[in-house]
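1. what follows is a predicted structure for the sequence shown.
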Amino acid sequence: MASAKNKKKLWIFLFLLPTLCAFCLFYLYPILTVFATSFAKWDYSNILKPEFYKGKELFTNYKYILTEYPYFWEALRNSMAWALCGVVIQVPIAVTVAIMLSKSLPGWKFARNVYIIPNIISTAAMGLIFLQIYNPRFGVINQIIQLFAPGFDQNILLLPKVNFWAMTFSYILFAGSSTIMILGQIFAIPTEIYEAATLDNITGWKREWYITLPLIKDTIKTVTILAATAGFLLYNEVYFLTQGAAGTKSISYIIRELAITSSRTQYARANTVGVIQILGGLFIIIVINLLFKSRKKEEWN
């Protein structure tokens with residue numbers, strides 16, 4: 001019996017081995033490299049041979065990024081704000097649209113397919129589309145503004161604070177993938193549950209609040225994590241719409257600036273920001289899990 005169990009474990013290990021090797025080679029190793037080189041001097045002067053700091057100089061890169069690099073806190077603030085927007089704007093939109101589509105009203109399949117189209121277009125293409133929408137000369141947004149403020153000819157992508165929301169709305173409303181995930185979970189709810197709810201006179205919005213939402217909360221948690229981390233990692237919209245100008249830099253964008261745009265090719269400092277980005281992403285995931293966990297405890301109580 002014991003040998004049969006050991007043989008089963010061996011086969012399981014052998015089946016998992018290719019995945020484990022791929023994980024270590026293409027995921028774990030790069031992450032460990034990012035962490036390790038954040039404690040090194042690695043730029044154009046020693047591009048083939050990073051020099052690791054020692055003793056008091058160990059946190060040199062972190063000190064530079066946190067206290068001297070002029071755009072880090074701007075980028076961190078923007079990235080955290082976009083992560084929050086994903087949670088409080090995109091997720092409710094996805095849930096609402098999924099519930100509406102689940103009613104299977106006439107034309108719901110057509111509406112579903114239309115709604116998901118922006119999600120199958122590359123973010124680069126969407127960025128170029130919105131670049132034209134926000135064009136100060138012939139863009140539709142400026143034409144609408146001119147109806148209320150004749151003579152307005154400014155580029156809203158360069159207006160502080162306004163440009164943050166202009167960039168946000170270039171992606172936040174397109175929650176097709178999240179909607180499909182939630183919709184699939186709604187359709188998986190047994191119809192008997194809804195029939196029992198109807199007998200108890202639980203209909204309309206009460207049915208969605210007391211039946212649908214509690215039963216799909218795990219999917220909502222997953223979608224929330226995806227939306228928050230996508231906002232925190234925002235890059236393409238920043239690159240194509242503003243290239244980080246007028247206070248719109250993101251964490252991902254300054255990593256590119258340090259590693260590629262900078263004449264010093266500051267790989268180690270870029271990886272230092274990368275470490276902070278990884279830790280920030282983990283923080284977001286932990287907070288969301290704790291929020292849903294506490295909510296679950298309240299429901300049980």
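-> Alright, I've got the coordinates.
2. confidence-wise, which helix or strand of the protein is lowest on average?
-> In the chain, the helix or strand scored least confidently by mean pLDDT, DSSP states H and E is helix 108-120, which has a mean of 80.
3. counting by contacts, list what the following helix or strand past that helix packs against.
-> Following helix 108-120 in sequence order, the next helix or strand is helix 123-133 (DSSP states H and E). On a contact count with 3 or more Cβ pairs under 8 Å, 6 or more residues apart in numbering; DSSP states H and E, helix 123-133 meets helix 236-241. (Glycine included, C-beta is placed from N, CA and C.)
4. next, the buried residues of stretch 166-175.
-> Neighbour-count burial for stretch 166-175, counted by 16 or more other Cβ atoms under 10 Å, picks out 166, 167, 168, 169, 170, 171, 172, 174, 175.
5. so the second one touches residue 157, yeah?
-> Think residue 167. Yes: counting by Cβ atoms under 8 Å, residue 167 does reach residue 157; the two are 7.4 Å apart.
6. does the residue found closest to residue 183 once you drop the neighbours it is linked to in the chain sit in a helix, a strand or a coil?
-> Distance criterion Cβ to Cβ, 6 or more residues apart in numbering; nearest residue to residue 183, sequence neighbours excluded, is residue 98 at 4.3 Å. Following DSSP: H, G, I helix; E, B strand; the rest coil, the label given to residue 98 is helix.
7. coming back round to it: quick one: the buried residues of stretch 166-175 as TSV, columns for secondary structure too.
-> Shown next, in TSV, are the buried residues of stretch 166-175 (three-state DSSP):
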residue	secondary structure
166	helix
167	helix
168	helix
169	coil
170	coil
171	coil
172	coil
174	coil
175	coil
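8. how close does the most centrally placed residue in the chain get to residue 252?
-> With distances taken as Cα atoms, centre = their mean, residue 230 lies nearest the centre of the chain, 0.8 Å away. From residue 230 over to residue 252 the distance is 11 Å, taken as Cβ to Cβ, to the nearest Å.
9. wait, what's in contact with the residue nearest to the centre of the chain?
-> Applying Cβ atoms under 8 Å, 6 or more residues apart in numbering, we find residue 230 in contact with residue 86.
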